[in-house]
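Q: Here is a sequence with its predicted model. Questions after.
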Amino acid sequence: MDNTNQRKALINGEIALFLRGLIIGKVLTIIVIGGLLWWFLKPGRLLSGNSINSSSAQSLKSVSNNVSNNNESTFQTVADVPTASFNYGGSTAWASIRRLVDSQIQSDRPELQLRYVNPVNGSPGSSSGIRMLLDGKIDFAQSSRPLTNEEKAMAKERGFTLEERQVGKDGIAVVVNPSLNVPGLTVDQLQQIYLGKITNWNQVGGPNLPITAFSQRPEDADTVIFSSNSDLKEQALGSNVQYVYSATDAVRQLSKTPGGVYYASARSVVFQCSVKALPLGQTSGQLITPYREPMVSPEQCPRQRNQLNTQAIKNGSYPMIANLSVIIKQNKGREQQIGNAYANLLSTDQGQKAIEQAGFVGVTQ
């Protein structure tokens, strides 16, 4: 065989070897690709993939919820909360707020320590708390009544002012012995009872029974039924008024006094089994209950209890509303700092929800 033919035979052999390798390579490639497709598309892998997608979706949902929640103000978002221990006092109507809300604040902001202080003399209440604040015995006060002109003047004489920061609302309920049959009272009738002008229940549509009015002493009062700009405020209470230490004491007295009557924070007394709350109105034709109707009778209590008529308090149709306010000493000192911080904490979305959980009506919800 000549050189030319040898060269042709060699080339043809190389081409055949190349083509065979190419074919084998393609077959292997197809096998590999097919195997990979089978691996990724088998049922177990699809289920696993769905789980991953589901987990991712859940994570996104969680993140979205966190972002949504971050739009709400919380105790953690409040700035300028001092790190120290502070004393406060005041309204007994705030008792459930102190139990529920203040404990949440101290859980979320452990750097802030709060201690409720009772007065040395007299009974605890809005008035005694404000007096303690004026005397420098506490750092801020909780109140369920407005400041009086006398308290504002006393603060000014001492070189500072007092600020009221409203954080909630409550009703003022009138309660009587459960056996008393009376349709209700107007605000004026209630005031006349405590001034000693109305002394028998038959004067307001009830039985022929003397009225025994129970009240905290004016200097310790937790709530008030005479507005600060009323001429009646300056008149002395009637001789039929018997003074009690607290709402608990008054409820105990009412349960054994058929002609007894008392007024207090609706949140404090509407739920009680041993007394009956009366409808109240500006006129006798517009009486509003401080409880949600139908009324739960004493016989049904404590299996069931009357609930606060929050809707009537919220929309203002209930005639006697008590504003829950933090009383802050404006003196550019530590008292002002903690008073502002406490009011800011209660004004957050978290604080307002907690106030409503405590049985009151928020002011920003």
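A: Received, thanks.
Q: mind showing which ranges of the stretch 151-300 of the chain have poor pLDDT?
A: The model of the stretch 151-300 of the chain has pLDDT under 70 over residues 228-234.
Q: Show me the strands in it, by range?
A: Chain-ordered strands for the stretch 151-300 of the chain, with DSSP state E, counting those that start in this stretch as the definition, fall at 161-176, 185-186, 212-215, 241-243, 260-265, 276-278, 280-281.
Q: and residue 131, which of those strands is closest to it?
A: Closest approach to residue 131 among these is made by strand 161-176 (11.5 Å; CB to CB). Glycine gets a C-beta too; all of them are placed from N, C-alpha and C.
Q: Walk me through which strands that closest one pairs with, and which way each runs.
A: Take DSSP bridges as the rule and strand 161-176 pairs in its sheet with strand 260-265 (antiparallel), strand 276-278 (antiparallel), strand 321-330 (antiparallel), strand 361-362 (antiparallel).
Q: right, so these: which one is the most enclosed?
A: For those, the stretch with the most neighbours on average is strand 260-265, a mean of 26; neighbours defined as mean count of other CB atoms under 10 Å.
Q: Run the chain-centre distance for it.
A: With CA atoms, centre = their mean, to the nearest Å as the basis, strand 260-265 stands 24 Å off its chain's centre.
Q: Now do it: everything it contacts.
A: For strand 260-265, the surrounding residues in contact (CB atoms under 8 Å, 6 or more residues apart in numbering) are 91-93, 144, 170-177, 190, 193, 211-215, 222-223, 225, 244, 247, 250-251, 253-254, 269, 275, 322.
Q: Relative to residue 165, which of the strands paired with strand 161-176 is closest?
A: Residue 165 lies closest to strand 321-330 among the strands paired with strand 161-176, at 4.6 Å (CB to CB).
Q: any idea which helix or strand comes after the closest one?
A: In the C-terminal direction, the helix or strand that comes right after strand 321-330 (DSSP states H and E) is helix 334-347.
Q: show me where the stretch 51-200 of the chain has helices.
A: Under the criterion DSSP state H, counting those that start in this stretch, helices of the stretch 51-200 of the chain are mapped to 95-108, 126-134, 149-157, 187-194.
Q: now those helices in CSV, with distance to residue 283?
A: As requested, the helices of the stretch 51-200 of the chain are exported to CSV (distance: least, CB to CB, whole Å):
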stretch, distance to residue 283
helix 95-108, 32
helix 126-134, 28
helix 149-157, 29
helix 187-194, 9
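Q: Determine which stretch of those is the most buried.
A: helix 126-134 (a mean of 25).
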